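In: this one's sequence-less:
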């Protein structure tokens, strides 16, 4: 598996650290309540198909990436800088 | 049909023409008292114990493929009861006891081989942790022996004891642990359930779960609707998709775990050896293949195959521990889909929908749990009460933070186990 880092180009999967579903970009307020935090921390769609994950290019530029990926075929369809995605969400 | 030595001998002499199918192939009935979604190890053992322990025989197991075609046929067959934490330890202890009587219980040879499981340690601190785990196991009523380097060397002469990074200082021996024939467990439970009247319905995929006024009413399947007031979801890596049919999201991410087997060799590894520091474990099958595995590939996946980096890591760990492995040729590798929970421990519980139960989150330890999981889920479905050995496997422990069972002490978060 290779991931196309927007900064470094196509790199081997070994250079990247996986940090799970990209829900982490949507962190709730500290006082949002336990139900909201449960959803954020634990509950997952866990799709068999297209998913969005956070990966860090820890063996390269260090950037956090949002990778759109198929969990059945491992094919990667899009890689964005997490900072860009976060800015677009604001 | 029952198996016996005499029968095997007679069939062997008469061309094996007297064997009959082990279970029926029934058409689904319009209604059952209970329906179990998933004909893997856990689903089949649940059906068996519902029928045997609780007299519920008007039940069906619905399997979208064929019986035992999922993880129960794709694992590395290790059975052990060396868990540490309350909640887990009594459950796996119970499971190990069920394993010990399983071939007799089912009249089906599950080839349970108590060859001993050895967890290695590499430092004084790890020895102390191993001693603590061993004491916890003994307190639970199970067996554990702390072996120093010399005692271990007698059992495992082939390790690289003076490895520069991970010198082997000793190991924790759990003699009652070992391996079993994975397919036979599924088949034995299937036959036992079928003999008690359970309908095992294959090629029957559940496409919907019917819920009215907060209570389950049945399921929609590719072979028509089936009514039932009790439905259990026992679908391992696919738990998320099935639970979504009931409007649920689960604290689960599905990951791929790889395993490997070499060509058949003469007996060389007599135990199950676990090298925690390398995320590597190995045993030798009765056929002679060295069966070994490592860690998750560590990204969400439903592909039943892994990628090369983890394969490379596993081979390196194996070579580090047992340089002789370099002479063996790998025959094949495969991947199974693990339903990973945040704390690495499973879920056997009711859901917010009345009559709907769930048994999932077995992470990479589901095989050894097959007997006790079915035993406990059957108890919960029949009586409405959690069985005492599985009372800690609650679905709501993540939300409340109470009763988390984080065996590896890495934190209750996704992607840490």
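Out: Perfect, thanks for sending it. Note that the coordinates shown come from a computational prediction; the quantities given were computed from them, not determined experimentally.
In: Could you check the pLDDT of residue B:415?
Out: What the model reports as pLDDT for residue B:415 is 85.
In: what does residue B:408 give?
Out: 84.
In: count of residues packed around it?
Out: Other residues near residue B:408 come to 11 when the count uses other Cβ atoms under 10 Å in any protein chain shown. Every residue, glycine included, has its C-beta placed from N, CA and C.
In: same check, this time on the one 5 residues further on
Out: For residue B:413, the neighbour count with other Cβ under 10 Å is 14.
In: partner residues bridging the spatially most central residue of chain A?
Out: Nearest to the geometric centre of chain A sits residue A:54, at 1.8 Å (Cα atoms, centre = their mean). Beta-bridge partners recorded for residue A:54 (DSSP bridges): residue A:66.
In: Now for it: which residues touch it?
Out: A:18-22, A:24-25, A:64-67, A:82 (Cβ atoms under 8 Å, 6 or more residues apart in numbering or on different chains).
In: Just the ones of those residues in helices?
Out: The helices, defined by DSSP state H, take in residue A:82 from the contacts of residue A:54.
In: Write a ChimeraX command that selects only the buried members of the contacts of residue A:54.
Out: Of the contacts of residue A:54, the buried ones go into a single ChimeraX selection, burial set by 16 or more other Cβ atoms under 10 Å in any protein chain shown:
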select /A:18,19,20,21,22,24,64,65,66,67,82
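In: Using a markdown table, please lay out the contacts of residue A:54 together with pLDDT and distance to residue B:230.
Out: Listed next are the contacts of residue A:54 as a markdown table, based on pLDDT from 0 to 100; distance: Cβ to Cβ, whole Å:
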| residue | pLDDT | distance to residue B:230 |
| --- | --- | --- |
| A:18 | 94 | 38 |
| A:19 | 90 | 39 |
| A:20 | 92 | 34 |
| A:21 | 93 | 32 |
| A:22 | 92 | 37 |
| A:24 | 84 | 37 |
| A:25 | 89 | 40 |
| A:64 | 97 | 45 |
| A:65 | 98 | 45 |
| A:66 | 98 | 41 |
| A:67 | 98 | 41 |
| A:82 | 97 | 44 |
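In: Which two among the contacts of residue A:54 are spaced furthest apart?
Out: The span of the contacts of residue A:54, defined through Cβ to Cβ, is set by A:18 and A:25 at 14.9 Å.
In: So residue B:277: helix, strand or coil?
Out: helix (DSSP: H, G, I helix; E, B strand; the rest coil).
In: any idea how far chain A is from the closest residue to it other than its chain neighbours?
Out: Counting by Cβ to Cβ, 6 or more residues apart in numbering or on different chains, residue B:277 lies nearest to residue B:166, which is 5.0 Å off, once chain neighbours are set aside. Computed as Cβ to the nearest Cβ, to the nearest Å, the residue B:166 to chain A distance reads 21 Å.
In: repeat for residue B:291
Out: Distance from residue B:291 to chain A, by Cβ to the nearest Cβ: 25 Å.
In: thought that residue was touching residue B:259?
Out: Yes - counting by Cβ atoms under 8 Å, residue B:291 does reach residue B:259; the two are 6.8 Å apart.
In: what do these two both touch?
Out: In contact with both residue B:291 and residue B:259: residue B:76, using Cβ under 8 Å, 6+ apart.
In: wait, what's in contact with the most centrally placed residue in chain B?
Out: By Cα atoms, centre = their mean, chain B has its centre lying nearest to residue B:367, at 1.6 Å. Each residue near residue B:367 by Cβ under 8 Å, 6+ apart is listed here: B:41, B:71-72, B:75-79, B:180, B:182, B:185.
In: hang on, the earlier thing: any idea which helix or strand carries the residue nearest to residue B:277?
Out: Using DSSP states H and E, no element contains residue B:166; it sits outside every helix and strand.
In: and what of residue A:4?
Out: strand A:2-5.
In: For the very next helix or strand once past that strand, name the packing helices and strands.
Out: The C-terminal neighbour of strand A:2-5 among helices and strands, as given by DSSP H and E, is strand A:9-12. With contacts defined as 3 or more Cβ pairs under 8 Å, 6 or more residues apart in numbering or on different chains; DSSP states H and E, the packing partners of strand A:9-12 are strand A:2-5.
In: Would you map the strands across chain A?
Out: Along chain A, counting by DSSP state E, strands occupy A:2-5, A:9-12, A:17-21, A:50-56, A:64-70, A:76-81.
In: would you turn the ones you listed into JSON lines with distance to residue B:338?
Out: Shown next, in JSON lines, are the strands of chain A (distance: least, Cβ to Cβ, whole Å):
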{"stretch": "strand A:2-5", "distance to residue B:338": "22"}
{"stretch": "strand A:9-12", "distance to residue B:338": "24"}
{"stretch": "strand A:17-21", "distance to residue B:338": "14"}
{"stretch": "strand A:50-56", "distance to residue B:338": "16"}
{"stretch": "strand A:64-70", "distance to residue B:338": "18"}
{"stretch": "strand A:76-81", "distance to residue B:338": "22"}
